[in-house]
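Asks: no FASTA, just this:
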């Protein structure tokens, strides 16, 4: 989604709780002081989803 989408909506329990470009969603997460545990990988959309919903992605 980070590469393919211009805009992404984070949906939790059928409600849109955030919508923006992937880069903007990640920037907003990092601005809250979010820090990933010491790993090489930078914050991504999965981190945004977990931060906003409080849980990991669910299988459909």
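Replies: Yes, it's here. Here the structure is a predicted model, which is why all the values come from computation and not from measurement.

Asks: what about the residue nearest the centre of the chain, which helix or strand?
Replies: For the chain, residue 48 is the residue whose C-alpha lies nearest the centre (CA atoms, centre = their mean; 2.1 Å). Assigning secondary structure by DSSP states H and E places residue 48 in helix 45-53.

Asks: helices of the chain, start to end?
Replies: Ranges of helices in the chain, per DSSP state H, are 22-31, 45-53.

Asks: make TSV from those helices and add mean pLDDT to it.
Replies: Formatted as TSV, those follow (pLDDT from 0 to 100):
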stretch	mean pLDDT
helix 22-31	89
helix 45-53	86
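
Asks: can I get those in CSV with distance to residue 12?
Replies: Where you see a C-beta, it was placed from the backbone N, CA and C, and this is true even at glycine. Output for the helices of the chain, formatted as CSV (distance: least, CB to CB, whole Å):
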stretch, distance to residue 12
helix 22-31, 14
helix 45-53, 4
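
Asks: for residue 11, which of these is the nearest?
Replies: The closest of these to residue 11 is helix 45-53. By CB to CB, the value is 8.9 Å.

Asks: give me the contacts around that closest one.
Replies: By CB atoms under 8 Å, 6 or more residues apart in numbering, the residues outside helix 45-53 that reach it are 1-2, 8, 10, 12, 17-18, 22, 25-26, 28-29, 32, 34, 36, 56-57.

Asks: repeat the analysis, applying 7 Å as the threshold.
Replies: 1-2, 8, 10, 12, 17-18, 22, 25-26, 29, 34, 36, 56-57 (CB atoms under 7 Å, 6 or more residues apart in numbering).

Asks: list the buried residues in that helix.
Replies: Buried positions in helix 45-53, judged by neighbour count with 16 or more other CB atoms under 10 Å: 45, 47, 48, 49, 51, 53.

Asks: stretch 11-28 too?
Replies: Quick answer for stretch 11-28 (16+ other CB under 10 Å): 18, 20, 22, 25, 26.

Asks: end to end, how far does it reach?
Replies: By CA to CA, to the nearest Å, the extent of stretch 11-28 from end to end equals 17 Å.
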